[in-house]
Structure formats: C-alpha cells, structure tokens
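S.K.: need coordinates for the below:
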Amino acid sequence: MIRIKAGVPRRPRPRPRARRPLRRALALGLPSMWGAIAITYKLTCPLAQQTGLGARIVTSAVFFAVGTGLVVQVRRSLLRELRQIRQIAGAAQNALLRPLPPRLDGLNIAAAQLSAERGAVVGGDLYEVIATEHGVRVVMGDVRGHGIAAIGTVAAVLGSFREAAHDEPHLEGVLRRLDRALARHLRERARAEHPASGVLDPDSPVAEEFVTVLLLEIGADGEVRALNCGHPWPYLLSGGGVRPIARTDPLPPLGPFPLPTELPFVCGGQLRPGEALFLYTDGAEDARDGQGRFFPLKEALAEVVGHHPLPVPQSILGAVFTALLRHAGGTPTDDVALLVLRNDRKAMHPHLGARGTARPATTAPQPTNLR
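M.R.: Modelled structure (predicted):
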C-alpha cells in the first residue's frame with residue numbers, strides 16, 4: 001500500500017456508535033440461530049428420524065447449509081476484526097509518521113511509503129522534516145525488519161529526533177541523542193522479553209537490532225550538512241543531472257557498534273533554488289524483477305530530471321513508484337520510503353547601494369558553491 005504524505009489528510013468519518021451493539025448482537029445471534037435450526041430439525045422433524053436415502057440427502061443438505069452459514073459468519077467476523085486491527089495499526093503509523101507539511105521554510109516537500117506486507121500500513125522506515133533555528137533538519141532511517149515489531153524502534157528514534165532537532169545546536173549532538181535513545185529502547189525491550197536477566201544479552205535477537213540513519217541539515221543559504229550511519233546517500237536532482245551528494249563511506253548503523261569519538265559532518269554542497277534532494281531507503285534499489293535485476297533508481301530519476309523545470313515533488317514520487325512497481329511486478333520484498341525536498345526559495349541577489357552600486361565585499365568571503 002502506497003501512502004503519500006503531503007499536507008493534512010482528511011479525517012475519516014466516525015461510524016455511528018448505535019450500530020456497534022447491533023453488530024455485536026448479530027455476531028452472537030446468527031451462529032446461535034444456525035445452531036438452533038440444526039438442533040430443532042434433528043429433534044422435531046419426522047424426516048430427520050427416517051433412515052431412507054432421500055431422508056439422508058435432505059438431512060445432509062440441511063446440515064451443509066447450517067455449516068456453510070456458520071463458516072460465512074465466522075469469516076465475516078474475522079474480516080471485521082482484521083479491518084479494525086489495520087485501522088489501529090494505521091492510526092499508530094500516522095501518529096509516528098505524521099503527515100509532512102507541503103511547504104516548510106521555502107522547501108516543497110513530499111514523502112511516500114510502500115509496505116512490503118500486502119495490505120499493511122506499518123513498516124520499518126521512518127522520516128521527519130523539522131524547521132529549527134539551526135536550519136531545516138531531516139532524518140530518514142530504516143529499522144531492521146518490518147511490520148508491527150518495528151513500531152517500538154521507530155517510535156524511539158523519531159521521538160528522540162523531534163526533541164533533539166530543536167535542542168542540539170550541532171548535528172553531531174542530534175545523532176548521539178538518537179544513539180542513546182535506541183540503546184535505551186533495546187535495553188528496555190530485552191528486559192521485557194527476558195525479565196530474569198535484566199541486561200541485554202549479546203546472544204539475544206534484540207542485540208542484533210540496528211537502524212540505518214541519515215541526518216541532513218539545510219541552512220538558510222542552501223548549504224547541506226549530513227551525518228550518515230549505514231544509509232544510502234541522497235541524490236541531488238538538478239539541471240546537471242542526478243548525482244549523490246557524497247561518495248564517502250558512511251558510519252556503521254546505530255545499534256551494534258558505538259559511535260566514534262569524532263563525528264565530522266559531511267558537506268553535501270549547496271541546494272540551489274529549483275534543485276531537489278531525493279532521499280530513499282535501500283528497499284528502492286534492492287527491488288528486483290523476474291530475472292533478479294535490481295531496480296535502476298538513478299536511471300529512473302534521470303528520466304524525471306530530463307523535464308525542465310524540475311517537476312513538483314509529488315510528481316517525482318509518482319513517476320518513481322510507477323517505475324518501481326512495474327519493475328518489481330507488484331509489491332517489493334522490502335519496505336520502501338521516499339522523500340523529496342525541492343528548494344523553492346528565491347535566489348539571493350547581491351544588495352545594491354544607494355546609487356545602484358554593489359556593496360563592497362567582505363574581507364573573508366565564503367564560497368557560494370561547495371560542490
């Protein structure tokens with residue numbers, strides 16, 4: 001199920017509460033009625049007491065109809081409960097992955113998620129975009145595994161990021177806060193699963209949990225700073241083509257290994273007006289076709305960049321997902337999350353003096369393009 005998040009979604013209409021007691025009564029009454037019909041027929045109907053072939057055929061038909069009615073009723077009840085569970089899971093996912101605003105501090109934003117489990121809305125991918133006094137800060141991550149089991153880890157990482165993004169003046173501090181929050185969550189989870197030990201057993205499956213995390217900070221001038229722990233580097237979409245913002249090896253994922261003492265951020269260049277950043281989880285590139293070939297994500301983005309000017313983020317997501325599903329022949333085997341941020345800020349021009357002359361340059365001018 002593809003879930004595109006941009007803007008505020010419509011709230012579902014609440015169902016009338018008066019129907020709930022009626023449905024409960026029907027769920028209990030219909031099986032009882034079918035059972036009463038079968039017992040009444042067997043005890044009171046003279047035909048049911050006969051041993052002839054015709055009587056046996058009629059009796060078998062009656063019990064077959066009763067059994068079919070019971071099976072249909074049980075199936076409806078199970079489907080109803082399944083829909084309720086999916087609604088609860090969807091509400092939990094919406095509380096975690098809140099819909100992103102379509103515009104934030106001059107950036108046009110769109111995000112989408114595709115769960116690997118058929119009909120599911122809960123995945124192990126996470127993302128968030130927050131405007132702070134330090135710049136627009138972005139997180140994208142991928143929890144090991146997917147489904148309901150990954151919700152707790154997603155909640156721990158996102159909750160920590162939403163606080164640290166405002167509190168920490170440097171991106172390094174944000175990453176360390178996420179690392180501590182994940183370690184605390186894993187310890188509590190191990191304690192809940194193995195109360196006797198009270199510690200995180202190295203041989204426990206919880207000790208093998210990890211999260212890939214990508215942190216970005218986009219300054220007012222468009223400068224991009226990044227910290228990467230095992231996550232794919234984003235692509236920069238511009239008139240010049242498609243290229244990753246960095247080619248250095250990322251740090252190990254959060255969880256199995258401690259963070260190093262020094263965490264120098266990576267400078268990803270400058271996001272100019274009209275350019276876009278394309279963030280994704282590895283499920284996009286790992287999707288395979290029937291012959292085992294990986295999805296050519298960069299080539300698919302190159303086709304989008306061929307249009308001038310660059311399409312809106314929602315159109316970029318739609319084009320990539322269409323190509324991805326066509327390549328995979330349906331739902332991929334891993335969760336996929338995509339996030340596009342296009343710089344719609346106005347280009348900064350040099351200020352003019354009182355008589356139309358340019359103001360003198362500073363003694364230590366900064367480069368306008370770090371790429």
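
S.K.: C-alpha only now, for contacts and for neighbours.
M.R.: Noted.

S.K.: please name the nearest non-neighbouring residue to residue 286.
M.R.: When the adjacent residues along the chain are set aside, residue 286 lies closest to residue 294, with 5.6 Å between them (C-alpha to C-alpha, 6 or more residues apart in numbering).

S.K.: show the contacting residues for that neighbour.
M.R.: For residue 294, the contacting residues are 285-288, taking C-alpha atoms under 8 Å, 6 or more residues apart in numbering as the criterion.

S.K.: what is the least confident helix or strand in the chain?
M.R.: Comparing every helix and strand of the chain by mean pLDDT, DSSP states H and E singles out strand 2-5 as the least confident one, with a mean of 54.

S.K.: still on that earlier bit, helices - which of the contacts of residue 294 land there?
M.R.: Secondary structure assignment (DSSP state H) places 285-286 from these within helices.

S.K.: tabulate the contacts of residue 294 (a markdown table), appending neighbour count and distance to residue 80.
M.R.: What follows is those, written out as a markdown table (neighbours: other C-alpha atoms under 10 Å; distance: C-alpha to C-alpha, whole Å):
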| residue | neighbour count | distance to residue 80 |
| --- | --- | --- |
| 285 | 17 | 36 |
| 286 | 19 | 35 |
| 287 | 24 | 32 |
| 288 | 20 | 34 |
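
S.K.: among the contacts of residue 294, which one lies nearest to residue 144?
M.R.: The nearest member of the contacts of residue 294 to residue 144, counting by C-alpha to C-alpha, is residue 286 at 14.5 Å.

S.K.: from residue 338, how far out is the nearest residue to residue 255 once chain neighbours are set aside?
M.R.: Among residues not flanking residue 255 along the chain, residue 210 sits closest, at 4.6 Å (C-alpha to C-alpha, 6+ apart). As judged by C-alpha to C-alpha, to the nearest Å, residue 210 and residue 338 stand 20 Å apart.

S.K.: and those two? Which one has more around it.
M.R.: Looking at residue 210 and residue 338 with other C-alpha atoms under 10 Å, you find the greater number of neighbours at residue 338, namely 25 against 22.

S.K.: quick check: the more buried one is in a helix.
M.R.: No. Counting by DSSP: H, G, I helix; E, B strand; the rest coil, residue 338 is located in no helix; its state is strand.

S.K.: list the contacts for residue 224?
M.R.: Neighbour list for residue 224: 216-218, 267-271 [criterion: C-alpha under 8 Å, 6+ apart].

S.K.: can you list the low-confidence ranges for the stretch 1-150 of the chain?
M.R.: With pLDDT under 70 as the threshold, the stretch 1-150 of the chain has low-confidence stretches at 1-35, 37-39, 41-43, 47-52, 55-56, 86, 89-94, 116-123, 145-149.

S.K.: for it, which segments count as helices?
M.R.: Secondary structure of the stretch 1-150 of the chain by DSSP state H, counting those that start in this stretch: the helices cover 19-44, 46-49, 53-96.

S.K.: same deal with the stretch 151-300 of the chain?
M.R.: The residue ranges that make up the helices of the stretch 151-300 of the chain, judged by DSSP H, counting those that start in this stretch, are 151-167, 171-193, 283-286, 297-305.

S.K.: and the angle from the second one to helix 151-167?
M.R.: Right, the one you point to is helix 171-193. Relative orientation of helix 171-193 and helix 151-167, computed by axes from the mean of the first three to the mean of the last three C-alpha atoms, to 10 degrees: 150 degrees.

S.K.: flag every buried residue along stretch 128-140.
M.R.: By neighbour count on 16 or more other C-alpha atoms under 10 Å, the buried set for stretch 128-140 is 128-130, 134-140.

S.K.: from the residues you listed, pick the one nearest residue 177.
M.R.: Using C-alpha to C-alpha, the shortest approach to residue 177 within the buried residues of stretch 128-140 belongs to residue 139, at 12.8 Å.

S.K.: alright, that wraps it up for me.
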